[in-house]
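[1] quick one, structure for this:
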Amino acid sequence: MWVGRHPASGPGTALGGPRLAGSAAVPLVVRDLSVAYGNKPALWSVDYDAPERGLIAVVGPNGAGKSTFIKACLGLVPTLSGTVTVFGAPVARQRRLIGYVPQRSSVDWDFPVTALEVVAMGRYGHIGWIRRVDRRHREAALACLDKVGMADLAHRQIGQLSGGQQQRVFLARALAQEARVYFMDEPFAGVDAATEHAILEVLRTLDREGRTVICVHHDLQTVADYFQHVLLLNIRKIADGPVAAVLTEEAIRQTYGGRIQGAEAPVFLRRGA
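    So this is what the prediction gives:
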């Protein structure tokens with residue numbers, strides 16, 4: 001366990017201090033969240049309040065703690081310190097309000113289940129773990145597959161699907177949960193253009209419905225096109241807020257540890273140069 005002093009802020013200090021804990025109307029409130037793997041800090045003293053509306057991107061370099069942040073919020077990894085509340089209550093009490101789409105690389109795709117069966121797992125919060133999935137819940141699961149363009153492959157084994165199709169199935173499973181807050185770990189990574197478009201349409205629909213969507217996102221070029229808010233991480237929080245206000249050249253330099261040049265910089269920054 002890492003027991004040293006808090007590490008330095010890395011490439012920069014947080015742009016803006018922590019806010020007071022929110023009320024039950026705030027989708028996600030994180031306070032002093034720290035995680036370490038062995039002797040290496042992965043996330044350190046992060047404070048964050050999610051906005052009540054808008055799609056949110058979690059952005060930072062490799063090893064910045066982006067996936068760890070989501071997993072720590074969900075209680076999937078041990079923490080050194082910190083509290084996380086969803087709509088004013090601990091995560092353990094709000095599981096039915098939370099949907100999760102993990103990275104594809106973390107899933108055992110050889111498990112012998114169909115796409116429909118995977119999506120139906122998202123209904124267990126509504127039907128209970130010891131009850132059978134009845135016709136009503138199967139129809140709800142099938143409707144979620146239809147929303148991501150996968151209804152025709154409902155009875156296909158999950159391991160027989162392409163990477164993009166598998167990602168759509170897991171997105172459909174999250175939709176089946178009918179959650180109020182969604183955590184997604186790089187949903188756009190390694191997918192084809194059609195899947196990327198389908199995922200984006202689902203995210204925008206969730207946003208219009210007033211649900212909170214927090215996505216780990218790796219592509220600086222598309223942050224401003226896909227999201228309204230951004231959380232910049234590099235072990236510590238660098239900044240958070242509306243994309244137009246936060247995603248500045250200085251904030252990106254602090255997050256990535258050096259000057260962002262040429263094709264690496266988002267288009268809107270290059271145009272402003």
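[2] quick one, phi psi at the nearest residue to Val223 once chain neighbours are set aside?
    Spatial nearest neighbour of Val223, excluding adjacent residues (Cβ to Cβ, 6 or more residues apart in numbering): Ala57 at 5.1 Å. Placement of C-beta: from N, CA and C, glycine included. As for Ala57, its main-chain torsions (degrees, to the nearest 10) stand at phi -110, psi 140.
[3] can you tell me how far Ala57 sits from Val148?
    Using Cβ to Cβ, to the nearest Å, we find Ala57 at a distance of 20 Å from Val148.
[4] how about Asp185?
    17 Å.
[5] got it, and Met184?
    Applying Cβ to Cβ, the value for Met184 to Val148 is 13 Å.
[6] quick check: neighbours shared by those two?
    Leu171 (Cβ atoms under 8 Å, 6 or more residues apart in numbering).
[7] looking at these two, which one has more neighbours?
    When Met184 and Val148 are compared on other Cβ atoms under 10 Å, the one with more neighbours turns out to be Met184, at 26 against 23.
[8] tell me the contacts of Glu201?
    Neighbour list for Glu201: empty [criterion: Cβ under 8 Å, 6+ apart].
[9] so it: helix, strand or coil?
    Classification of Glu201 using DSSP: H, G, I helix; E, B strand; the rest coil returns helix.
[10] can you check the one 3 residues further on too?
    Classification of Arg204 by three-state DSSP places it in helix.
[11] now do it against Ala244, distance only.
    Arg204 is 18 Å from Ala244, by Cβ to Cβ.
[12] one more: Pro51?
    The gap separating Pro51 from Ala244 is 14 Å, by Cβ to Cβ.
[13] and those two? Which one has more around it.
    The neighbour comparison of Pro51 against Ala244 (other Cβ under 10 Å) goes to Pro51, with 16 against 11.
[14] so that one sits in a strand?
    No - under the criterion used here (three-state DSSP), Pro51 is coil, not part of a strand.
[15] check contacts around it.
    Taking Cβ under 8 Å, 6+ apart as the test, what Pro51 contacts is 27, 212, 228-229.
[16] per-residue confidence for the closest residue to Val26 other than its chain neighbours?
    Nearest non-adjacent residue to Val26, counting by Cβ to Cβ, 6+ apart: Asp49, 5.9 Å away. Asp49 carries a pLDDT value of 97.
[17] and Asp49, how many neighbours does it have?
    17.
[18] please apply the same query to Phe111.
    Other residues within reach of Phe111, judged by other Cβ under 10 Å, total 11.
[19] separation between the closest residue to it other than its chain neighbours and Ala57?
    Residue nearest to Phe111 in three dimensions, not counting chain neighbours: Ile158, with 7.0 Å by Cβ to Cβ, 6+ apart. Taking Cβ to Cβ as the measure, Ile158 and Ala57 are separated by 27 Å.
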